[in-house]
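**Q** I would like the atomic coordinates for the input below:
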Amino acid sequence: MTKFGELINLDIPVLIDFYFDWDKTGENPQEVLRDVVAALGDKAKVIKIDIDKNEILADALKVKANPTFIIYKEGQMKWRQSGELDAKTLIGLVQKYA
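**A** Numbers count the residues shown, from 1 in each chain. As a prediction, this is how the structure comes out:
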């Protein structure tokens, strides 16, 4: 498995969605992220991380809410927010750091 530091240390923005797989409330997160990926193409990387399967990482980053979105670029956290966001909002945020 790739180390987290390698995932976030890119020249393009990296949007990470920390989520609980068992929580099916709200908008369909798969569709939202699919739209984000389609709109951004190779200008950004989108990664989903299951909080239950990555508890140590989630604890280290103090991820408590589902979902929690974080944008990294060149290894630095640029933005973070918990709660549902629509694809248009996420696309705009990621493009801000492109």
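**Q** contacts and neighbour counts: CA atoms only from here.
**A** Fine.
**Q** gap between V63 and W79?
**A** 13 Å (C-alpha to C-alpha, to the nearest Å).
**Q** more crowded one of those two?
**A** With neighbours defined as other C-alpha atoms under 10 Å, V63 and W79 compare such that V63 has more, 19 against 14.
**Q** next, that one: secondary structure please.
**A** Three-state assignment for V63 (DSSP: H, G, I helix; E, B strand; the rest coil): coil.
**Q** next one, pLDDT for it please.
**A** If you check V63, the pLDDT there is 96.
**Q** ok, now T2?
**A** Reported pLDDT for T2: 66.
**Q** what's next to the host helix or strand of I56, contact-wise?
**A** Per DSSP states H and E, I56 falls inside helix 55-60. The contact list for helix 55-60 (C-alpha atoms under 8 Å, 6 or more residues apart in numbering) reads F18, I51, K64.
**Q** make a PyMOL selection of whichever of the residues you listed turn out to be buried.
**A** In PyMOL, this line selects whichever of the contacts of helix 55-60 come out buried by 16 or more other C-alpha atoms under 10 Å:
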select buried, resi 18+51
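**Q** let me have the contacts of helix 55-60 in CSV, adding distance to L7 as columns.
**A** Formatted as CSV, the contacts of helix 55-60 follow (distance: C-alpha to C-alpha, whole Å):
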residue, distance to L7
F18, 14
I51, 16
K64, 21
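**Q** so which of the contacts of helix 55-60 comes closest to A38?
**A** Set against A38, the nearest of the contacts of helix 55-60 by C-alpha to C-alpha is F18 (19.5 Å).
**Q** any chance you could list what contacts the helix or strand hosting that closest one?
**A** According to DSSP H and E, F18 maps onto strand 14-19. Here strand 14-19 makes contact (C-alpha under 8 Å, 6+ apart) with 7-8, 44-51, 58, 63, 65-73, 94.
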